[in-house]
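*Asks:* Dropping a prediction and its sequence here:
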Amino acid sequence: MNVNTGEEKVVAQGPFIGEFAWSPDGRWICFNRRDHANNVTDLHIVPWNGGEGVNVTRTPYWNGNIVWTRDGKHIVFRSRRTDDNFDLFVLPLERPKEKLDEEERGEGRGTGSEQISGRGVPEPLQLFAALQTAPADSAQRKSPERKEGEKKLPEVRIDFTDIHKRIRRLTATVFNEGGFAVSPDSRTVIFVAAPVDQPEIWSVPLEGGSLTRLVTGVAASQLQFSPDGNRLYFLSTGGSIRYLARPTNAIGAVNFTARMVVDRFVELQHMFDEGWRLLREQFYDEKMHGVNWDAMREKYRPLIEQVANKEDFYALVSLMLGELNASHLGVGGPTVSGAETAYLGVWFDPDHRGLGVKVARVLKNSPADKDESRLRVGEFILAIDGTEVSNNEQLWEALADKAGRVVELLVNDKPTKEGARTVKIKPINREQWADLLYDEWVETRKQLVERWSGGRIGYIHIRAMSPGELRKFEREFYAEVVGKKEALIIDVRFNGGGRIHDELLSILKRRLYAMEQYRGTPPFTQPFQVWQKPTIVLINEFSASDAEIFPKAFRDLGLGKLVGVPTYGGVIGTYNVTLIDGATFFRVPVTGWRTLDGVNLENYGVKPDILVELSPDDNANGNDRQLEVAVKELLKAIGSK
């Protein structure tokens, strides 16, 4: 938009334009845009006043965080070329001079027609490249005039011929490169990374070379150089502003005091409008699931006057979101909670009365299962850090806020202090406890399948549809199943979703097309590690989102049967937005999922081929009849030996 005239002009159209950056001379805009058909996010360059944009990366990956160097000769950006690993890349906007000289000499020896399109590209593209590299001397390309006294900006020249082939990788590490900045002299890139367990600041020459660690243990984001390049300013822990002095790499702080007065009522109104508007413009179903969305605003917005705090606001907005009857919606933020209860790694006998608590079971690999802090079934914990405990709330008070800290237990094989011993133990938090419970649950099911099938059937549980779980699936699938088992159970019960369905299906639907053999050895398959044996997927009411897409596609592709109960019925692609207060998240479902015959999987629930419901008694006694039925069904398919 022209700030003087108010005239607006569209220079690039979406959807899915994520970010943009102006060239130093203001003649070009580089932006990234996701191609919704193949989920690729490329960088594009377009003239400032519109025209045909050029894809300058052309890679099947995510590319973003665009920074033009101040001299106008390069673009530096981040790209995810491998799973969950971001590296830095640089794009030279012109070809190296020596290469141009060679080509010019070669063109001079050619014929007239060769001289016109001498770079070996079709004539229209050659003309386009010539136009793009030409100076902006026409009225159409002319940049705003420079005022007297202003520093002359570098003229950015771009040779688009095979520009994507000139991309160079600046970093190739096993850790993620985060935020970065390019020095004003366009020679150095400084970036943030966390190689092990603490943040660090590194540098690398723009032309490539060795990486140098500058600072360790300093959190940094929003990096920005001072105009002279002597300081790199950044946002650090707790919102503090710090700087890295160059070239000494000393860390300093910018001390400041800022006062901001916030009208909470107006802020909540704006947050309400912001969330409501996001859904109006981006909710995957333009008919809003049949809800009059304008009427919902009129119904709920006046109630903000009754809101006393953020928790009340979240509750109010949640009521409005509920009108849509859709999954993947939500609003929330930081809340105040009490001390977290720590876990020793044992279950207590609820029937014990009197002094102490009796150990009924010990969780494998928990703190109570380690040699230096072992507790045994039947033993009594009489005191925690000197406080006597028994089967009441006093026990949990003694464990409050103790996760990760050494605790002293008074332990005996009888409920008396006489002859008791002291055990030092380091309790774990709720998440660590849940992980150990999960590992035990999975191991139990592996053993059941092994026993029931006589070792003929494999079992893999997928906890979430995440890249890490995909890697785990691949490890187990290739190491324990392919070439070793005659059938497979894939369990996606209690899986809340993510996005790895396509990768899983690609592994499972590979088909044998040839056999290869070395002299004197058994033949092996092409492709390697192909799987074409009977397979069943287990589902339940807690299989949600991508853990519904996967089993539905698995069956539709004829890969096997589904066993269990209908899935949750929440299938929408979503993302989170932070509202204006800087702390509240708001979920925006933007993509729907439909089968090839038009069935919307939202509020649908994938039905199993074999329905097996677990009763309360089954759950209480640990009877997994769904797993048992799956084993029996696969044994029928593979037959008896």
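*Replies:* Yep, that arrived.

*Asks:* Which helix or strand contains Y314?
*Replies:* Counting by DSSP states H and E, the element that carries Y314 is helix 310-322.

*Asks:* What are the buried residues along that helix?
*Replies:* Of the residues in helix 310-322, 310, 313-314, 316-317, 320-321 count as buried by neighbour count, 16 or more other Cβ atoms under 10 Å. For the C-beta atoms, the positions are set from N, CA and C on the backbone; glycine is no exception.

*Asks:* do stretch 416-428 as well
*Replies:* Within stretch 416-428, the residues scored as buried using 16+ other Cβ under 10 Å are 420, 423, 425-428.

*Asks:* can you pull the buried residues of stretch 31-47?
*Replies:* Across stretch 31-47, burial judged by 16+ other Cβ under 10 Å covers 31-34, 40-47.

*Asks:* Could you report the neighbour count for the closest residue to L512 other than its chain neighbours?
*Replies:* Nearest residue to L512, sequence neighbours excluded (Cβ to Cβ, 6 or more residues apart in numbering): V530, at 5.0 Å. Neighbourhood size, V530 [other Cβ atoms under 10 Å]: 18.

*Asks:* separation between V530 and P523?
*Replies:* Taking Cβ to Cβ, to the nearest Å as the measure, V530 falls 13 Å from P523.

*Asks:* Average pLDDT for stretch 34-41, rounded please.
*Replies:* Mean pLDDT, stretch 34-41: 82.

*Asks:* do the same with stretch 477-487
*Replies:* 95.

*Asks:* Give me the distance between the two termini of that stretch.
*Replies:* One end of stretch 477-487 to the other measures 11 Å (Cα to Cα, to the nearest Å).

*Asks:* and what of stretch 403-423?
*Replies:* Using Cα to Cα, the end-to-end distance of stretch 403-423 comes out at 16 Å.

*Asks:* cool, and stretch 494-503?
*Replies:* End-to-end distance of stretch 494-503: 20 Å, with Cα to Cα as the criterion.

*Asks:* Report all helices and strands that the helix or strand R451 falls within contacts.
*Replies:* Element membership for R451 (DSSP H and E) is helix 430-453. Under the contact criterion of 3 or more Cβ pairs under 8 Å, 6 or more residues apart in numbering; DSSP states H and E, helix 430-453 touches strand 457-461, strand 487-491, helix 625-638.

*Asks:* Same list, the buried residues of helix 310-322, but as CSV with distance to D624 please.
*Replies:* Output for the buried residues of helix 310-322, formatted as CSV (distance: Cβ to Cβ, whole Å):
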residue, distance to D624
K310, 42
F313, 42
Y314, 37
L316, 42
V317, 39
M320, 40
L321, 35
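
*Asks:* Lowest-confidence entry in the residues you listed?
*Replies:* Across the buried residues of helix 310-322, the bottom pLDDT score, 92, is held by K310.

*Asks:* Let me see the ranges of the strands in the stretch 251-400 of the chain.
*Replies:* 251-254, 331-332, 346-348, 357-362, 380-384, 387-388 (DSSP state E, counting those that start in this stretch).

*Asks:* Now do the buried residues in the fourth one.
*Replies:* It stands for strand 357-362. Residues of strand 357-362 classed as buried by neighbour count (16+ other Cβ under 10 Å): 357-359, 362.

*Asks:* ok, so of the residues you listed, who is nearest A583?
*Replies:* V357 (39.7 Å; Cβ to Cβ).

*Asks:* sorry, back to before: contacting residues around the helix holding R451?
*Replies:* By Cβ atoms under 8 Å, 6 or more residues apart in numbering, the residues outside helix 430-453 that reach it are 340-341, 343, 345, 363-366, 403, 428, 457-459, 461, 463, 487, 489, 491, 622, 624, 627-628, 631-632, 634-635.

*Asks:* Now the buried members of those.
*Replies:* Using 16+ other Cβ under 10 Å, the buried ones in those are 341, 343, 345, 363, 366, 403, 428, 457-459, 461, 463, 487, 489, 491, 624, 627, 631, 634-635.

*Asks:* got the buried residues of stretch 416-428 as TSV, with distance to L223 columns?
*Replies:* As requested, the buried residues of stretch 416-428 are arranged in TSV below (distance: Cβ to Cβ, whole Å):
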residue	distance to L223
A420	57
V423	49
I425	43
K426	38
P427	39
I428	36
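
*Asks:* returning to what we had before: now the helices and strands packed on helix 430-453 as CSV including distance to G592?
*Replies:* Output for these, formatted as CSV (distance: least, Cβ to Cβ, whole Å):
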stretch, distance to G592
strand 457-461, 28
strand 487-491, 25
helix 625-638, 29
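
*Asks:* Out of those, which gets nearest to V11?
*Replies:* Smallest distance to V11 across the helices and strands packed on helix 430-453 (Cβ to Cβ): 47.5 Å, for strand 487-491.

*Asks:* Can you tell me the strand partners of the closest one and which way each runs?
*Replies:* strand 457-461 (parallel), strand 535-539 (parallel) (DSSP bridges).

*Asks:* contacting residues around V407?
*Replies:* Neighbour list for V407: 342, 384-385, 399, 424-427 [criterion: Cβ under 8 Å, 6+ apart].

*Asks:* okay if I get those residues as CSV plus pLDDT and distance to F175?
*Replies:* CSV is the format used below for the contacts of V407 (pLDDT from 0 to 100; distance: Cβ to Cβ, whole Å):
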residue, pLDDT, distance to F175
A342, 96, 31
I384, 96, 40
D385, 96, 39
L399, 95, 35
K424, 97, 35
I425, 97, 33
K426, 97, 28
P427, 97, 30
